[in-house]
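> coordinates only, sequence not included:
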């Protein structure tokens, strides 16, 4: 099955060429917000956004990219030549990614996924891509099911629940250190299944030594790599989808448990939901549902004429160093 959605970041010259092309007589103009130009092409829609991003969607998207965008705009061939252009993406390795870092409610979820040549080809057929490029939660969760079916046991998931996350933050005082700890655990767990895996790749979020220091003896033999936009790698893209699906499932569980709306992100809607949660269940509910170092927690408490003292000693520790300095991980789930 051909992919039906493609995104490209264009240079200024490429944007000018594409705008001229779409405004020619062979395309039907479309009105779309935040675009320099948008048009209906042969079995696909093409949008050139003011950010310089080009989005091509529809059943004919792959053909339009192959026969129009690449030769006339990009002036290079990419689609269908991934193995030639990026041979390392199909060699045996694992990708690691996370979800929930920027969301007030819910856990921090880290996933690791293994790839070899056969799996990389299967992921391309499924159109596995960075979860941030998937706008539908339903599609994300369906892709996660398909990926898990392909991988079998060759993936791992670390779910750091809100209370455990708050305890870790009280001790480590830094989100990147929590990420490094979670990445290291995901790598170690996957190495139990694929012990000969030679390298692990993740997006750049901090010094590689943070993960290296968190790895146990078994994981210290693996080559660690971090790079910007690593989600273009099939293993990292698969991990990003697994992590996002895990996060979405955890949000549903919280919503069912607390009987309140538990939305994604950190918007005004999230703040209002948190206010309603505290009004109904008391301030300590934040420790079990949210990342309490977010400013959202202070804003919600202030609206209800409370301060961090209402969260008790555990909540206060999230906003200032923990003098005891001990390590409590609480409810951290790991799955292979």
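Everything's here; your move. Small disclaimer: the values here were computed from a predicted structure and weren't measured.

> Spit out the contact partners of residue 262.
With contact taken as Cβ atoms under 8 Å, 6 or more residues apart in numbering, residue 262 is in contact with 105-106, 251, 254-255, 273, 277, 289. Glycine gets a C-beta too; all of them are placed from N, C-alpha and C.

> List phi and psi for residue 44.
Per-residue torsions, residue 44: phi -160, psi 160 (degrees, to the nearest 10).

> Which ones among the contacts of residue 262 map onto strands?
Residues of those located in strands (DSSP state E): none.

> Turn those into JSON lines, columns for neighbour count.
JSON lines is the format used below for these (neighbours: other Cβ atoms under 10 Å):
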{"residue": "105", "neighbour count": "29"}
{"residue": "106", "neighbour count": "28"}
{"residue": "251", "neighbour count": "20"}
{"residue": "254", "neighbour count": "19"}
{"residue": "255", "neighbour count": "17"}
{"residue": "273", "neighbour count": "21"}
{"residue": "277", "neighbour count": "24"}
{"residue": "289", "neighbour count": "26"}
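
> Quick one: find the helix or strand in this protein with the lowest mean pLDDT.
Ranked by mean pLDDT, DSSP states H and E, the helix or strand of the chain with the weakest confidence is helix 82-85, at a mean of 46.

> Tell me the strands beside the helix or strand that it is followed by, with direction?
The helix or strand immediately downstream of helix 82-85 is strand 93-99, counting by DSSP states H and E. Looking at strand 93-99 with DSSP bridges, its paired strands and their directions are strand 108-115 (antiparallel), strand 199-203 (parallel).

> average model confidence for strand 93-99?
Confidence over strand 93-99 (mean pLDDT, whole number) is 96.

> which outside residues touch it?
Counting by Cβ under 8 Å, 6+ apart, strand 93-99 makes contact with 108-115, 131, 179, 182-183, 186-187, 190, 194, 197-203, 230-231, 233-240, 243-244, 246-247, all of which sit outside it.

> for the helix or strand containing residue 124, packing partners?
Taking DSSP H and E as the criterion, residue 124 maps to helix 117-126. Contacting helix 117-126 under the criterion 3 or more Cβ pairs under 8 Å, 6 or more residues apart in numbering; DSSP states H and E are the following elements: helix 137-151, helix 234-258.

> what about 10 Å?
helix 82-85, strand 108-115, helix 137-151, helix 234-258 (3 or more Cβ pairs under 10 Å, 6 or more residues apart in numbering; DSSP states H and E).

> what comes up buried for that helix?
Buried positions in helix 117-126, judged by neighbour count with 16 or more other Cβ atoms under 10 Å: 119-120, 122-124, 126.

> want to throw the residues you listed into a markdown table with pLDDT and distance to residue 298?
Listed next are the buried residues of helix 117-126 as a markdown table, based on pLDDT from 0 to 100; distance: Cβ to Cβ, whole Å:
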| residue | pLDDT | distance to residue 298 |
| --- | --- | --- |
| 119 | 94 | 45 |
| 120 | 89 | 45 |
| 122 | 91 | 46 |
| 123 | 89 | 42 |
| 124 | 82 | 45 |
| 126 | 85 | 42 |
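
> what's the closest of these to residue 46?
Proximity of these to residue 46 (Cβ to Cβ) peaks at residue 124, which lies at 21.9 Å.

> how close does that closest one get to residue 238?
As for residue 124, its distance to residue 238 is 11 Å (criterion: Cβ to Cβ, to the nearest Å).

> and if you look at residue 165?
Summarising the geometry, the distance separating residue 165 from residue 238, computed by Cβ to Cβ, is 24 Å.

> of these two, who's got more company?
Here residue 165 and residue 238 are compared on neighbour count by other Cβ atoms under 10 Å; more neighbours surround residue 238, at 36 against 28.

> Now the more buried one. Nearest residue, chain neighbours left out?
Of all residues beyond its chain neighbours, the one nearest residue 238 is residue 113 (3.9 Å), with distances taken as Cβ to Cβ, 6 or more residues apart in numbering.

> picking up where we left off before, with respect to residue 150, which of the contacts of residue 262 is nearest?
Distance from residue 150 was checked for each of these by Cβ to Cβ. The minimum falls on residue 251, at 25.0 Å.

> For the closest one, give me its contacts.
Applying Cβ atoms under 10 Å, 6 or more residues apart in numbering to residue 251 gives the contacts 100, 103, 105-107, 137, 262-264, 289.
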